[in-house]
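Visitor: I would like the atomic coordinates for the input below:
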Amino acid sequence: MLEPNIWAIVFNIINIIVLFLFLKKFLFKPVTEMMDKRANSIIASLQDADDKKAEAMKIKNEYEEELIHAGEKASSLIKEAKERAEAEYNRKLVEAKEDASKVITEANKIIELERKKSLESAQAEIAGIAMLAAAKVIGKNIDDDTNKQFLGDFLKEVGAAK
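Guide: So this is what the prediction gives:
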């Protein structure tokens, strides 16, 4: 009958804690910093879009003031200027929205890809550690097919636990 070796269990627990701290320091922190930088970039892009919109509104308002104060002779010129301002406003607004949409879409894709990569990497490392720990507990290494089957079952259980 197998007797549990307390020191081996304690050693494995300490190893898992050290691995977790190592991953937290060198994997999770840089990924989080990268996502924060990307989020700040998106916020800056949105702020830029708002500034462009405010600038376009300012131009539109200036042209409308000129229209109010102009005489009959200048009314045709003011109407033309107003149309140009409106077109410029719409063009800048559409351009800003497109730019912001592209940046947000790209950022979301990158963030999702990085998150998936991080999760897959962490799962693979944890699965490898679990297989090594299981092999040490069992005291022998099972063939690759059995290892893959155990690994698949383990990942399904971990996935189901989420």
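Visitor: show me where this protein has strands.
Guide: All residues of the chain lie outside strands when identified by DSSP state E.
Visitor: find the nearest non-adjacent residue to the residue positioned nearest the centre of the chain, please.
Guide: For the chain, the residue whose C-alpha lies nearest the mean C-alpha position (CA atoms, centre = their mean) is I111; its distance is 2.5 Å. Taking CB to CB, 6 or more residues apart in numbering as the measure, I111 lies nearest to M35, with 5.6 Å between them; neighbours along the chain are not counted. In short, each C-beta sits where N, CA and C put it, glycine included.
Visitor: ok, that neighbour touching S118?
Guide: No - with contact defined as CB atoms under 8 Å, M35 does not reach S118; the gap is 9.9 Å.
Visitor: distance of the residue nearest to I111 relative to L132?
Guide: M35 sits 31 Å away from L132 when distances are taken as CB to CB, to the nearest Å.
Visitor: could you do I104 as well?
Guide: Distance from I104 to L132, by CB to CB: 42 Å.
Visitor: got it, and I59?
Guide: According to CB to CB, I59 stands 66 Å off from L132.
Visitor: more neighbours: these two, which one.
Guide: Applying other CB atoms under 10 Å to I59 and L132 shows that I59 carries more neighbours, namely 17 against 13.
Visitor: quick one: the helices in the chain?
Guide: Listed from the start of the chain, the chain has helices (DSSP state H) covering 6-23, 29-69, 75-138, 144-161.
Visitor: and those helices as TSV, adding mean pLDDT?
Guide: Formatted as TSV, these follow (pLDDT from 0 to 100):
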stretch	mean pLDDT
helix 6-23	93
helix 29-69	90
helix 75-138	85
helix 144-161	69
